[in-house]
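Engineer: Make a model of this:
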Amino acid sequence: MFKIFSKSKITENIFSGNLTQKISKIFTHKKLDLSTIEELEDLFITSDIGAETTNKIIENLKKQKFSKEKITDSDFFEVKKFLQNEILKILEPCQKALELNFTKSPIVIIFNGVNGAGKTTTIAKIAQKLKIQNKKVLLATCDTFRAGACEQLEIWAKKIDIDIILPNRENEEPSSVAYRSLEFATKNHFDVILIDTAGRLHNKQNLMDELKKINKVIKKIDETAPHHNLLIIDGTTGQNSHNQLESFDEAIKISGIIITKLDGTAKGGAIISLADKFKKPIYAIGVGEKSSDLKEFDAQDFVSNLLK
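Structural biologist: Numbering: from 1, shown residues only. Have a look, this model is predicted:
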């Protein structure tokens, strides 16, 4: 199996506000009583961890035999260690490598998500990584809805010197572009085709139906395609990401997710609740603008940055 990403530590300062500092303030000169635990619960919920996942962690914390008197530095270290382990238990099953099996080419990867999630930029970063590893990559833009969308990916294609298929006429159906692109990739022996789709609200049924059609038509060429249906999620959207994943998964069966924009105002907690509820593979996280800032998801590294 071929891996797109290689593991590398997060060196950037990600997440808005240090969760550890906020937890420390809660426990400073206090007892580990019901009032303190409720403060911790509120903090987790406002950090986008979500009520259900927070409740699970808090209930497990209540069962621990920490000192009920004034919290010492040693006690706080143990509480933090316990919280890290609880979050790791949720995240580690979702830590998966994005692997490609080149026994049959081309590999088809479709990128889905709402407007502004970072699909096009993520595609460009992955294309660059694949090219560096000597893979023949084709880009295809099925975003025929948004003005300037095709041009954006075309600029990236020229910048990294990769072939791209564009709509050949105004208002060409996205499914038609997808079909032509895979046909071209197959005939010309490309290793991978990365398909960009229009950003769409998860509650717009006509647009979700268009995604279903794209998935259906490419099966006429390769019944095993798409090999990956990825959902790109903006890390700053918080709990709204649940609605997105639920709707896209119902429509086209999402195989895994990539979380972007964790270098902005993201609190980080939504990743924990997504992993807890949906159990989907988390392949990568975006922590900056450079190609190297799209990193393979490492649960241990993520938790270490969240709870420093």
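Engineer: Past the lowest-mean-pLDDT helix or strand in the chain, which element shows up next along the chain?
Structural biologist: Using mean pLDDT, DSSP states H and E, helix 19-27 stands out as the lowest-scoring helix or strand of the chain, at a mean of 78. Using DSSP states H and E, the helix or strand that directly follows helix 19-27 along the chain is helix 34-46.
Engineer: any idea of the mean pLDDT for that following helix?
Structural biologist: Confidence over helix 34-46, taken as the mean pLDDT, stands at 88.
Engineer: Return it as PDB; C-alpha atoms alone will do.
Structural biologist: Extracted in PDB, the C-alpha atoms of helix 34-46 (Å, rounded to 0.1, in the frame of the first residue of the first chain):
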ATOM      1  CA  LEU A  34     -19.400  18.900  41.900                       C
ATOM      2  CA  SER A  35     -19.100  22.600  41.300                       C
ATOM      3  CA  THR A  36     -15.500  22.200  39.900                       C
ATOM      4  CA  ILE A  37     -16.500  19.300  37.700                       C
ATOM      5  CA  GLU A  38     -19.500  21.300  36.400                       C
ATOM      6  CA  GLU A  39     -17.000  24.100  35.400                       C
ATOM      7  CA  LEU A  40     -14.900  21.600  33.600                       C
ATOM      8  CA  GLU A  41     -17.900  20.300  31.800                       C
ATOM      9  CA  ASP A  42     -18.900  23.800  30.700                       C
ATOM     10  CA  LEU A  43     -15.400  24.400  29.400                       C
ATOM     11  CA  PHE A  44     -15.400  21.200  27.300                       C
ATOM     12  CA  ILE A  45     -18.800  22.000  25.800                       C
ATOM     13  CA  THR A  46     -17.700  25.500  24.800                       C
END
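Engineer: Please name the nearest non-neighbouring residue to the residue nearest the centre of the chain.
Structural biologist: Nearest to the mean C-alpha position of the chain, counting by CA atoms, centre = their mean, stands Ile258 at 2.0 Å. Excluding the flanking residues, the one nearest Ile258 by CB to CB, 6 or more residues apart in numbering is Ala284, at 4.7 Å. Every C-beta, even on glycine, is put in place using the N, C-alpha and C of the backbone.
Engineer: Ser24 too?
Structural biologist: Distances taken as CB to CB, 6+ apart put Phe76 closest to Ser24, at 6.5 Å, once the chain neighbours are dropped.
Engineer: from what I can see the one you found touches Leu32, true?
Structural biologist: No. Phe76 is beyond contact range of Leu32, at 9.8 Å (criterion: CB atoms under 8 Å).
Engineer: Neighbour count: the two, which is higher?
Structural biologist: Taking neighbours as other CB atoms under 10 Å, Phe76 and Leu32 compare with Leu32 leading, 21 against 18.
Engineer: about what we covered before: tell me the angle whatever helix or strand the residue nearest to Ser24 lives in makes with helix 34-46.
Structural biologist: Following DSSP H and E, one finds Phe76 within helix 73-91. Relative orientation of helix 73-91 and helix 34-46, computed by axes from the mean of the first three to the mean of the last three CA atoms, to 10 degrees: 40 degrees.
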